[in-house]
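Asker: need a structure here:
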Amino acid sequence: MDVFKLRIETDENPGFLIDIEILAEQTFLELHNFLVKTLRLKPNELASFYVSDENWEKFEEITLLDMSGEEDKSMSEHDDVHTIYLMSATPVSKFISDINQNLVYEYDFLQLHTFLIECVDVKQEDKRMKYPRVASQKGTFSVVNRINIEKDPEKLRESLLKDFNSIVSGDMDDADDDENLSEDF
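Answerer: Numbering: from 1, shown residues only. I've put the predicted structure just below:
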């Protein structure tokens, strides 16, 4: 069975690089779970893989959960229907078959973390190995949280009340931007 060696990088941690080997028939869910565990990400966040081109433009989505809702029975066979690929039901080999193929992995859509994944090698399975596995790693990865949420309820209430009062009284910074915008027209 084929094994894909995937090189993973992120702009969040320059100098960080990890190579992961995964069996062709393992699912994107197995890859997702392995990334969450290996990179010490929170396990309860949404994520998606995207098939991408050499410029990292995203195309097909492989999602953790189907959030499209109920099936629309009024659609005809001529309507443009987007196929939903679920990580749990999609083997990696569905979208990776050769080197230089790319994926984008987006994790935690509220504090988006983006990983660029490139298939750098295809080789035969080593029966002595357990997959997925880390083949090599350079540098360290740490999650960069861009949104700070106040955990103290009183401080949170105070901050929200201050923001609310600023909006009501018209003291927000955006008001200045709106005035400048109207002058341009």
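Asker: tell me the helix or strand right after the longest strand along the chain.
Answerer: Ordering each strand of the chain by length in residues (DSSP state E) puts strand 113-124 first. With elements assigned by DSSP states H and E, the helix or strand that comes after strand 113-124 is strand 133-138.
Asker: could you give the angle of that following strand to strand 113-124?
Answerer: Angle, strand 133-138 to strand 113-124, by axes from the mean of the first three to the mean of the last three Cα atoms, to 10 degrees: 120 degrees.
Asker: packing partners of whichever helix or strand comes after strand 133-138?
Answerer: Downstream of strand 133-138, the next assigned helix or strand under DSSP H and E is helix 153-169. Contact analysis of helix 153-169 by 3 or more Cβ pairs under 8 Å, 6 or more residues apart in numbering; DSSP states H and E lists no helix or strand as a packing neighbour. From N, CA and C alone the C-beta is placed, and that goes for glycine too.
Asker: grab the most central residue of the chain for me.
Answerer: By Cα atoms, centre = their mean, the chain has its centre lying nearest to residue 106, at 0.8 Å.
Asker: neighbouring contacts of stretch 48-68?
Answerer: Contact with stretch 48-68 is made by 28-29, 31-32, 46-47, 83-87, 90, 95, 100, 102-106, 116-117, as judged by Cβ atoms under 8 Å, 6 or more residues apart in numbering.
Asker: buried subset of those residues?
Answerer: Buried members of the contacts of stretch 48-68, counted by 16 or more other Cβ atoms under 10 Å: 28-29, 31-32, 47, 85, 87, 90, 95, 102-106, 117.
Asker: check the residues you listed and tell me the two furthest apart.
Answerer: Spatial extent of the buried ones among the contacts of stretch 48-68 (Cβ to Cβ) is set by the pair 29 and 102 at 19.6 Å.
Asker: wait, residue 15 touches residue 141, no?
Answerer: No: counting by Cβ atoms under 8 Å, residue 15 sits too far from residue 141 to count as a contact (9.9 Å).
Asker: more crowded one of the two?
Answerer: Counted by other Cβ atoms under 10 Å, residue 15 and residue 141 do not tie: residue 141 has more neighbours, with 21 against 9.
Asker: what's near enough to touch that one?
Answerer: 10, 12, 13, 16, 18, 39, 40.
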